[in-house]
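Q: Structure, please.
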Amino acid sequence: MLINSARLINFPILSLHVGSEIARISEIIIDPNSLKLIAFRLESPLIRDEVGDILPLNSVREFSRHGFIIDSIDEFISEDEVISIKKIIDLRFALPGLKVITKKKSKLGKVSSFTLNTSTWEVQQIIVQRPVMKSFLDPELTISRQSIIEVDDYRIIVKDEHETTKEKSTADAPADFIPSFINPFRKPDFAPEAKTDE
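A: Below you'll find the predicted structure:
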C-alpha cells in the first residue's frame, strides 16, 4: 500500500503499555542514500530531558489506520543515541522543496510531497509541483523511484522522459534504482548508472 508523506504528519503513536496514544509525528526522517524512512521526530507532553523525541522505525510493532503501535515510551531515543540515525539527522535532508531536473538539465519543478510503500517504507514516488509557466496543462508530475538517478542537498536528477517511457514495463524492478546521494561535506562517490537494453 502507498501512503502520502503528508498523511503521516501528526499521525498518532500508540503504546501497548498504556493502551493509548502517547505522541504524534512531527517530522519524517528519510535516509537520502536509500530513500527509505528510518525514524520519526515526535511531539508529546511526555517528552522531557530524560525522554528523547526520536522513534526509530525498527521500534514500530505495527502500522494501522489508527496509528503506529509500539511497546512503550521506552522506545523513544535522543538524536545522539544511535550513530546511524544521528548521521542522517545531521544532514538536515528533506525531500519537499528539492528542485527536480532531468539528466539533460530540463527543469521539472520542485518536490511537493512523496509516497511511501508501507511494506518497505521506501520512497516509491515523488510528487513534483510544476513551475508556473508549465503548470497550466500539467500542474503536477508523479515520478517513480526507478527514474531517480541522483540526489543531493538541493536537487534530484531523474531520467529523461523518453527513458522513463521506455522503462515503464519494468517500473517495479528494484535493480533500476541506484541511489547516489551527494554530501557537500565530503568527496562524492558516484554510483554507476543502471544498464538498460537498447
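Q: which residue ranges form the strands in the chain?
A: With strands called from DSSP state E, the chain shows them at 2-4, 12-15, 20-31, 36-43, 54-56, 62-64, 67-70, 99-102, 107-117, 123-129, 140-144, 148-152, 155-158, 181-182.
Q: could you dump those strands to TSV with mean neighbour count and distance to I89?
A: From N, CA and C alone the C-beta is placed, and that goes for glycine too. Below are the strands of the chain laid out as TSV (neighbours: other Cβ atoms under 10 Å; distance: least, Cβ to Cβ, whole Å):
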stretch	mean neighbour count	distance to I89
strand 2-4	13	22
strand 12-15	19	18
strand 20-31	18	6
strand 36-43	19	8
strand 54-56	21	8
strand 62-64	13	22
strand 67-70	19	19
strand 99-102	17	22
strand 107-117	19	18
strand 123-129	22	17
strand 140-144	16	26
strand 148-152	20	17
strand 155-158	21	20
strand 181-182	18	14
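Q: Just give me the residue closest to the centre of the protein.
A: The centroid of the chain falls nearest to I30 when counting by Cα atoms, centre = their mean (4.4 Å).
Q: Next, the contact list for that residue, please.
A: 36-38, 88, 93-95, 123 (Cβ atoms under 8 Å, 6 or more residues apart in numbering).
Q: S84: which of the strands of the chain is closest?
A: Closest to S84 of the strands of the chain, according to Cβ to Cβ: strand 36-43, at 7.8 Å.
Q: What is the closest one packed up against?
A: Judged by 3 or more Cβ pairs under 8 Å, 6 or more residues apart in numbering; DSSP states H and E, the packing partners of strand 36-43 are strand 20-31, strand 54-56, helix 83-91.
Q: what's the offset of it from the middle of its chain?
A: On the basis of Cα atoms, centre = their mean, to the nearest Å, strand 36-43 sits 10 Å off its chain's mean C-alpha point.
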